[in-house]
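In: heads up, no residue letters with this:
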Ligand code: SAH
Ligand code: SF4
């Protein structure tokens, strides 16, 4: 994920700490929150308690349009129902514990604590023409890409759909406070969305609901390190979610050394799945390619990549590496990056260098989380 971090920790806005730190909850004890439910599920739950179904639409309106974070503010609901919902379907699966933003205020990172005491990050990015939130889908990640700070952490657990939706709602609220409207969601924070597929698709369904946020699936991008079966599964979904594939290398030897998952789903199979995806959906694939000095940035590698992608409806995002302390990799020089991009373009492959956002969200997320857990003030 790309965002400006060179000047990131420049201006901090502490968020008042909650009164008490919640105890650790097991998966079984983690409550279902309003953000976990589709409209139909909410209607059913309410109906089972004798509450009219239209209340569910009102709840979606207040939670996802008005963006209120407290049932008490939903004054259209009877007082008793509000009190009951606050206990049975809490509205706060996440607590913001720290916020960091760039000087220009265009990038805002929020560190959240989950009910079981995990820390995750969400990043909100303001652009002239759009407002994008980068959502985490797991605490850590099991894939273990060699250059990724999140990969170094290993996987603690999947986030629930409610925890993912809550990140989006908090970002929408934050954007609104800045006079902006959230327009895009990218699943490029911590974690591998295709290892938390059901929650990811549930997020799409919940946010798509017209009575609520009415967020078009085309404005949601899922980024994967290459779990082939789920690329096919995504292609068969009714929702037109955008696909980004983290490629990073045009051949198995190189890719396996960077993305261990490549041993299971090698480049040939991955590209075949991407071709099926394009054929089936008519949508282009975005390839993410983190450029690492002396590793995958040579002219010959660019030529090999161009050959690999020839004829495929795609776009390549070249992301200069954000070095992480845990890995011995560096970022190429600007001339090398430009040359790599030029070779792709000369061979007809659309490529964009993401200079301005030159840092991955995963590493950035890992950093803020690491700082926090090392005892930095929250
Ligand atoms: N797990 C998914 C999505 C989260 S990572 C995936 O791998 O696609 C989002 C993007 O950040 C991926 O393209 C990933 O390769 C990239 N990334 C991870 N670490 C990075 C780093 N140190 N510098 C630049 N990009 C990085
Ligand atoms: Fe996981 Fe993506 Fe990081 Fe790889 S790059 S370790 S898949 S979060």
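Out: Nice, I can see it. Keep in mind that what you see is a predicted model, and the values were worked out from it rather than measured. Ligands and ions are numbered 1, 2, ... in the order given.
In: for the residue of the stretch 201-350 of the chain at minimum distance from ligand 2, which residues are in contact?
Out: Closest residue of the stretch 201-350 of the chain to ligand 2, CB to the nearest ligand atom: residue 225 (3.6 Å). Where C-beta positions appear, they are placed from N, C-alpha and C, glycine not excepted. Contact analysis of residue 225 by CB atoms under 8 Å, 6 or more residues apart in numbering lists 143, 145, 192, 246, 259, 261.
In: ok so residue 99 is a strand residue?
Out: Yes. Residue 99 forms part of a strand when assessed by DSSP: H, G, I helix; E, B strand; the rest coil.
In: who's it bridged to?
Out: residue 13, residue 110 (DSSP bridges).
In: so which of the contacts of residue 225 reach ligand 2?
Out: 143, 145, 192, 246 (CB under 6 Å from any ligand atom).
In: what are the contacting residues of the longest helix seen in the chain?
Out: Identified as the longest helix of the chain according to DSSP state H is helix 161-177. Contact partners of helix 161-177, identified using CB under 8 Å, 6+ apart, comprise 32-36, 63-64, 67, 69, 92-94, 96, 108, 110, 112, 114, 120, 122, 124, 126, 131, 133, 135-137, 181-182, 185, 189, 198-200, 202-203, 206-207, 213, 215.
In: can you give me the buried ones in that helix?
Out: Neighbour-count burial for helix 161-177, counted by 16 or more other CB atoms under 10 Å, picks out 161-172, 174-175.
In: please, where are all the strands along the protein?
Out: Counting by DSSP state E, the chain has strands at residues 11-14, 94-101, 107-114, 119-126, 131-134, 138-140, 155-158, 184-187, 220-224, 242-246, 285-291, 314-320, 351-353.
In: neighbouring strands for the fifth one, and are they parallel or not?
Out: Partner strands and pairing direction for strand 131-134 (DSSP bridges) are strand 119-126 (antiparallel), strand 184-187 (parallel).
In: does any bit of it sit next to ligand 1?
Out: No. For a cut-off given as CB under 6 Å from any ligand atom, strand 131-134 has no contacts with ligand 1; the smallest distance is 8.3 Å.
In: ok now that strand, how far from the chain's centre?
Out: When distances are taken as CA atoms, centre = their mean, to the nearest Å, strand 131-134 is centred 9 Å away from the chain's centroid.
In: also the fourth one?
Out: On the basis of CA atoms, centre = their mean, strand 119-126 sits 9 Å off its chain's mean C-alpha point.
In: next, count neighbours for residue 310.
Out: 10 (other CB atoms under 10 Å).
In: thinking again about what came up before, please tell me how far the residue of the stretch 201-350 of the chain closest to ligand 2 sits from residue 193.
Out: Distance of residue 225 to residue 193, given as CB to CB, to the nearest Å: 10 Å.
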